[in-house]
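Asker: give the three-dimensional model of this entry:
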Amino acid sequence: MTMSRPYRIALIVVCALVLLYLILPILIIAPMSFSAARFLTFPPPSLSLRWYQEYVGNPAWMQATRVTLTVAVLTVVIATPLGVAAAYAISQSKWRIMRLIHMTLLLPLVVPIIITAVGIFFIFAKVGLVATMTGLVLANVMLGLPYVIISVAAGLQSFDATQEMVARSLGMNRLRSFFVVTLPQIKASVIAGGIFAFISAMDETIVALFISGGQYQPLTKRMFTALRDEIDPTIAAISTLMTAVSFMLVLIATSRSKKGA
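Answerer: Now for the predicted structure:
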């Protein structure tokens, strides 16, 4: 059934308004980050790279950046193989309990993040993982794992499992056949899942507010603390950089997924 012209125009207008609503904060924050003014003003009275220089030259911001990148990289290193293994096991198994396991692994996407953060805080407080790098990594692995599972599971659905069965019938064991036959064909989904896990760890705020502290404060918590003390365009500069990095990573993940399709 062909959509009539008025409905098509109305759909385009609605989609354009929704997109504008979603990107409007970026269209405001990005120009403010280049402002030469001492406080956040829009539109900026004049342009300057002052606040980017302030960010790069501030040891506290650089320490928070190192923590954020370290946590994000370690999250990818741990969550990606775990997510691949979990997605593969779920896709291959015929046991009904695997459905329950699958749903359990995806709970971090369903449960409100504030409830998850409180639960993680109480558990980590008992075992001494609050305000530690290990605690931050473990928490973000739990939050990033669902993205890897979803991405890899989607890749496995489009993969012809008989190819792996043929390899095993020719003498390969299951592990080798996975690495030689299956993994190369789903690598785009694996890379996409790892990228989304990286973005999740880099942007996580609520959990970081509860369990980070001392020298192990990621950028998101440092930004939140700075907003309480004094609002200056440094926050806008950091937000613009983080948004740009996330946007580029999403583009990479999307292009990899299309190539693997």
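
Asker: count of residues packed around Met133?
Answerer: Per other CB atoms under 10 Å, the neighbour tally for Met133 reads 15. Heads up, the C-betas are built off the backbone N, CA and C, glycines and all.

Asker: and the spatially closest residue to it that is not a sequence neighbour, what are its phi and psi?
Answerer: Of all residues beyond its chain neighbours, the one nearest Met133 is Tyr216 (5.3 Å), with distances taken as CB to CB, 6 or more residues apart in numbering. Recorded main-chain torsions at Tyr216 are phi -110, psi 60, according to degrees, to the nearest 10.

Asker: Tyr216: how many residues sit nearby?
Answerer: Using other CB under 10 Å, Tyr216 is surrounded by 21 other residues.

Asker: can you check the one 5 residues further on too?
Answerer: Counted with other CB under 10 Å, residues neighbouring Lys221 total 24.

Asker: repeat that for Asn140.
Answerer: Asn140 has 26 neighbouring residues, counting by other CB under 10 Å.

Asker: how near is it to Ala197?
Answerer: According to CB to CB, to the nearest Å, Asn140 and Ala197 sit 8 Å apart.

Asker: hey, what's in contact with both of the two?
Answerer: Thr75, Ala79 (CB atoms under 8 Å, 6 or more residues apart in numbering).

Asker: so which other helices or strands are in contact with the helix or strand that Leu27 is a member of?
Answerer: Element membership for Leu27 (DSSP states H and E) is helix 5-33. Under the contact criterion of 3 or more CB pairs under 8 Å, 6 or more residues apart in numbering; DSSP states H and E, helix 5-33 touches helix 233-260.

Asker: so which elements touch the helix it packs on?
Answerer: Helices and strands touching helix 233-260, as assessed by 3+ CB pairs under 8 Å, 6+ apart, comprise helix 5-33, helix 50-57, helix 183-203, helix 219-229.

Asker: low-confidence regions, the protein specifically.
Answerer: 1-4, 160-171, 229-230, 256-261 (pLDDT under 70).

Asker: most tightly packed of the helices and strands packed on helix 233-260?
Answerer: Most buried of those, by mean neighbour count (mean count of other CB atoms under 10 Å): helix 183-203, with a mean of 22.

Asker: can you tell me how far Leu69 is from Gln53?
Answerer: For Leu69 relative to Gln53 (CB to CB), the value is 20 Å.

Asker: my bad, should have said Pro43
Answerer: Pro43 is 21 Å from Gln53, where distance means CB to CB.

Asker: burial of Gly214, as a residue count?
Answerer: Gly214 has 8 nearby residues by other CB under 10 Å.

Asker: the closest residue to it other than its chain neighbours: neighbour count?
Answerer: Ranked by CB to CB, 6+ apart and with sequence neighbours excluded, the top spatial neighbour of Gly214 is Ala131, at 4.9 Å. Applying other CB under 10 Å, we find 16 residues neighbouring Ala131.
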